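In: Mind folding the following:
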Amino acid sequence: MNVDTLRQGWFIRRDESVRAGLYPGPDRVPARSPLSPSGADSDAGSEAQYDNEPMQAYALTIDKFLAHAAKWHGDVEIISVSGSGAPQRIGYAALCERANRLSGAFLALGVSPGECVATLAWNTQAHMEAYYAAMGAGLICHTLNPRLTPAHLSEMINLAEDRVLAVAANLAPLVSELLPLCPGVEHVIWLDEPSPYRAASVSLM
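Out: Here you go, the predicted structure:
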């Protein structure tokens, strides 16, 4: 794909965004902007009008990328592999809906915007849902590396003051060593099935 094709595609997408109200359009671009139709010849009054206005009326946070994908590419599939090795497929619209529901679940646990939610999981669909769910609720997604030792992980969790830990079910043995070192963790969320609670050999506390 050449540069001209890329440029054409961008302008088409921009025009679609203008029609949907997602892009301010040429009449809303500040004077002297490269995108302004009249450039430096625009009148000073128009420039002053938009000097202190943001480009969008909302915070440009990570969850907005998923919302955009859900709106414009809702049926496009994300293909991943579960913790058990089974392939998984989900569209952006369905992923966004699941992430939004998990946002509500996080807030129902008593965490407030600005607090951390720790995740200890692999690159799975469930982990992606937790990532976007935390961002959508105004939380900080504190991703942890499952390959680190319990001593290292507990130091990170305690320093971040994580109260919620979202974990891949197949990491239950690691969590059983980790939780006694993290007295501040109040809730553990298992991201995938089967639930480790069914395994008699796993003790979490």
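
In: if we look at the helix or strand residue 103 falls within, which residues are touching it?
Out: Residue 103 belongs to helix 92-108 when assigned by DSSP states H and E. Helix 92-108 is contacted from outside by 63, 66-67, 69-70, 73-76, 78, 90, 117, 125, 128-130, 132-134, 136-137, 139, 164, 189, using CB atoms under 8 Å, 6 or more residues apart in numbering. Every C-beta, even on glycine, is put in place using the N, C-alpha and C of the backbone.

In: buried residues in that helix?
Out: 92-93, 95-96, 98-100, 102-103, 106-107 (16 or more other CB atoms under 10 Å).

In: For those residues, give me CSV that also has pLDDT.
Out: Below are those laid out as CSV (pLDDT from 0 to 100):
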residue, pLDDT
92, 97
93, 97
95, 97
96, 97
98, 96
99, 96
100, 96
102, 95
103, 96
106, 96
107, 96
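
In: show me where the protein has strands.
Out: Assigned by DSSP state E, the strands in the chain fall at 77-81, 87-91, 116-120, 140-144, 164-167, 187-190.

In: partners of the last one in the sheet?
Out: Sheet pairing for strand 187-190, assigned by DSSP bridges, gives strand 164-167 (parallel).

In: Name the residues that touch the strand it pairs with?
Out: Residues contacting strand 164-167 (CB under 8 Å, 6+ apart): 106, 109, 111, 117-121, 127, 130, 157, 175, 182, 185-191.

In: redo that, cut-off 7 Å
Out: For strand 164-167, the surrounding residues in contact (CB atoms under 7 Å, 6 or more residues apart in numbering) are 106, 109, 111, 117-121, 130, 175, 185, 187-191.
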